[in-house]
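Asker: I need the structure of the sequence given here:
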Amino acid sequence: MKIGELSRRSGVSPRSLRYYEQHGLIHAERGPNGYREYDDATVERAATIHELFGLGFPRPVVRSVLACSGQAPASAHDDAVVHLARVRDEMAGRIARLSETHRLVNEFLDARGA
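Answerer: Residues are numbered from 1 along each chain as shown. Below you'll find the model as predicted:
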């Protein structure tokens with residue numbers, strides 16, 4: 001399938017699909033006319049990549065998570081564990097900061113009867 005169909009089926013813009021390909025996250029064959037040709041499995045892979053980026057995961061984390069699919073070696077899982085542990089710790093820090101901000105806003109509003 002060409003990039004337009006992949007975009008429609010995956011819900012990912014052609015620009016993002018080119019970015020994913022540029023960074024080796026998806027692969028396309030080139031037809032005799034030079035157009036990108038994607039296989040059906042790329043639809044789900046592109047949608048997964050889009051979702052991971054939407055969750056705020058950086059490219060190395062996305063790459064390591066994708067490497068765990070299929071018949072991945074144990075080393076791929078080890079790499080994903082390291083990356084995801086870092087993401088988890090960063091998220092915990094953000095949650096703590098947001099919780100503190102939430103508490104302070106509530107205190108402010110409660111003090112003013114709002």
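Asker: list the contacts for D39?
Answerer: For D39, the contact set (Cβ atoms under 8 Å, 6 or more residues apart in numbering) comprises M1. Placement of C-beta: from N, CA and C, glycine included.
Asker: how does it look with 10 Å?
Answerer: M1, L6, I26, H27, A28, E29, R45 (Cβ atoms under 10 Å, 6 or more residues apart in numbering).
Asker: Could you name the helices and strands sitting against the lowest-mean-pLDDT helix or strand in the chain?
Answerer: When the helices and strands of the chain are scored by mean pLDDT, DSSP states H and E, helix 59-67 comes last with a mean of 87. Judged by 3 or more Cβ pairs under 10 Å, 6 or more residues apart in numbering; DSSP states H and E, helix 59-67 is in contact with helix 14-22, helix 41-54, helix 74-111.
Asker: how does this structure divide into domains?
Answerer: Recorded structural domains for the chain (assignment: automatic domain parsing) are 1-55, 58-114.
Asker: For the chain, give me the ranges with low pLDDT.
Answerer: Along the chain, the model assigns pLDDT under 70 to residues 70-72.
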